[in-house]
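Colleague: Below: sequence and its predicted model.
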Amino acid sequence: MNQIPNDKEFFLFQQLIFQRLGIHLPVQKKALLSNRLWKRLQACQMERFEEYYRFIISPQGREELNKALELITTNETYFFREPKHFDYLRDELLPHCRRGETFRVWSAAASTGEEPYSIAMVLRDRCPTEWELLCSDVNATVIGHARTGIYPEMRTRSIPEGYLRRFCRKGIGPEAGNIRVVAELRERVDFFTLNLHQEYADIGQFDLIFLRNVLIYFENETKQKVLERIAGKLKPDGVLFVGHSESLHGITERFVPVRPAIYRRAK
């Protein structure tokens, strides 16, 4: 049975996660912390969370620290999540692309790749000009999985039938039961690791940024800093998608609402 960290141990991890990732883990998440990390304690032959904490902040524990942080940031995702965003991309944004200019999109919380490949399918199908898709996540392990483009068939049910036939291939032999996104799309998607909580290298400006189901993990001060950087990466009138449970009201004036969970950069 998983051991639950005591208040002192939880506070140590809470501070570490905030410092490294900008994520505030409320005390109600003790069980989540235990569920995510208990097997790592056992793998390191440790019985107490404080012992594990002391190890991962030491020079010898750097690799283990990365494993712990990746486990904390593993989140559920699926193809064409929040489909109205993809409808808006297809029907409202792409028809008005400036021909001769590259339409640039950034998926800023790419996870295991379902969101990026959903975007890529729509762009390949409907974008009337050249397009570029950059996709990042703080978790290097999920980015590695995203690059393969391989998923269980049962997780592809939300892909429109036409896109499924056109952009996915069924596995055979050892890969039976899986699908793989076609190479044509995989080669068009640029995956890389990036921590939104920290300063990052110049990646240019974008017509559209997906920042969905990320802000809910941040406190307001961190949200403001992240959104300030995001605003700087949007072109004038560029569009930002956030999760449907997220709102920018009262947090920043850098964006104006367009539709639920859809914003444009303010002038």
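Modeller: Sure, I can see it.
Colleague: for the most centrally placed residue in the chain, what are its contacts?
Modeller: By CA atoms, centre = their mean, the chain has its centre lying nearest to A109, at 1.7 Å. By CB atoms under 8 Å, 6 or more residues apart in numbering, A109 lies in contact with 115, 136-137, 196, 210-214. (C-beta placed from N, C-alpha, C; glycine too.)
Colleague: cool, and R147?
Modeller: By CB under 8 Å, 6+ apart, R147 lies in contact with 113, 186, 191.
Colleague: ranking these by neighbours, who comes first?
Modeller: G113 (28 neighbours; other CB atoms under 10 Å).
Colleague: wait, doesn't that residue sit right on G149?
Modeller: Yes. If you go by CB atoms under 8 Å, G113 and G149 touch, sitting 6.6 Å apart.
Colleague: Need the residues touching each of those two.
Modeller: Residues touching both G113 and G149 (CB under 8 Å, 6+ apart): V181.
Colleague: Please report the distance of R157 from F80.
Modeller: As judged by CB to CB, to the nearest Å, R157 and F80 stand 10 Å apart.
Colleague: higher neighbour count, those two?
Modeller: Between R157 and F80, F80 has the larger neighbour count (other CB under 10 Å), namely 21 against 10.
Colleague: Let me know whether the more buried one touches T156 as I believe.
Modeller: No. Assessed by CB under 8 Å, F80 is found out of contact with T156, at 9.9 Å.
Colleague: Buried ones in stretch 210-224, by neighbour count?
Modeller: 210-215, 217-218, 222-223 (16 or more other CB atoms under 10 Å).
Colleague: before we move on, what about stretch 43-59?
Modeller: Residues of stretch 43-59 classed as buried: 49, 52-53, 55-56 (neighbour count, 16+ other CB under 10 Å).
Colleague: Now G22: closest residue in space that isn't a chain neighbour?
Modeller: Closest residue to G22 apart from its sequence neighbours, by CB to CB, 6 or more residues apart in numbering: H197 at 3.1 Å.
Colleague: sec struct for the one you found, please.
Modeller: Assigned by DSSP: H, G, I helix; E, B strand; the rest coil, the conformation of H197 is coil.
Colleague: all strands for the stretch 1-150 of the chain, in order.
Modeller: Counting by DSSP state E, counting those that start in this stretch, the stretch 1-150 of the chain has strands at residues 103-107, 131-137, 150-152.
Colleague: in the stretch 151-267 of the chain, which spans are helices?
Modeller: For the stretch 151-267 of the chain, the helices defined by DSSP state H, counting those that start in this stretch occupy 161-167, 183-186, 220-232.
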